[in-house]
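Undergrad: A predicted structure for the sequence below; I have some questions about it.
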Amino acid sequence: MKKENSKDPSRVEEMRSEYDFSRMKVAVRGKYYKEYRAGHRVEIHKADGTTSVQYFKLEDGAVMLEPDVRKYFPNSESVNKVLRSLIEIIPSKRRG
């Protein structure tokens, strides 16, 4: 008897009845934005029983792009190129 392959992408399953998401709170976009910008720490628990702690904070000047914008500007170079071209068309009275 052949075992059923659970990784088959053509296989579609219905949500099981025991999973009830009806009482879940509505998702809020950007709920943790301020906390993320302030920085966060990650604890890495290693197999030998030790714990390593790493701190992450966005650098000054860092900008978070929305997913729809990221499709067109996948890296810093592409964003900077477009912004520099926009700077060129801004009237000189507004600059500086």
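TA: Now that the structure is in, tell me what you want to look at.

Undergrad: what lies in contact with the lowest-mean-pLDDT helix or strand in the chain?
TA: The least trusted helix or strand in the chain, going by mean pLDDT, DSSP states H and E, turns out to be helix 33-38, with a mean of 79. Residues from elsewhere that reach helix 33-38, judged by Cβ atoms under 8 Å, 6 or more residues apart in numbering: 57, 58, 64. In this view, the C-beta of every residue, glycine as well, is placed from N, C-alpha and C.

Undergrad: do I have it right that the first one meets residue 39?
TA: If I follow you right, that is residue 57. Yes: Residue 57 lies in contact with residue 39 (Cβ atoms under 8 Å); the separation is 3.4 Å.

Undergrad: quickly find the element holding residue 16.
TA: Of the helices and strands defined by DSSP states H and E, none includes residue 16.

Undergrad: that one: how many residues sit nearby?
TA: By other Cβ atoms under 10 Å, the residues close to residue 16 number 7.

Undergrad: returning to that earlier point: can I get the contacts of helix 33-38 in a markdown table with secondary structure, neighbour count and pLDDT?
TA: What follows is the contacts of helix 33-38, written out as a markdown table (DSSP: H, G, I helix; E, B strand; the rest coil; neighbours: other Cβ atoms under 10 Å; pLDDT from 0 to 100):
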| residue | secondary structure | neighbour count | pLDDT |
| --- | --- | --- | --- |
| 57 | coil | 12 | 82 |
| 58 | coil | 12 | 77 |
| 64 | coil | 11 | 80 |
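
Undergrad: from those residues, pick the one nearest residue 43.
TA: residue 57 (16.0 Å; Cβ to Cβ).

Undergrad: list the residues that contact residue 54.
TA: With Cβ under 8 Å, 6+ apart, residue 54 has these contacts: 41, 42, 44.

Undergrad: the last one should be in a strand, yeah?
TA: It stands for residue 44. Yes: counting by DSSP: H, G, I helix; E, B strand; the rest coil, residue 44 is found in a strand.

Undergrad: right, and it touches residue 52 too?
TA: Yes: the criterion here is Cβ under 8 Å, and residue 44 meets it with residue 52 at 4.4 Å.

Undergrad: perfect, I'm done here.
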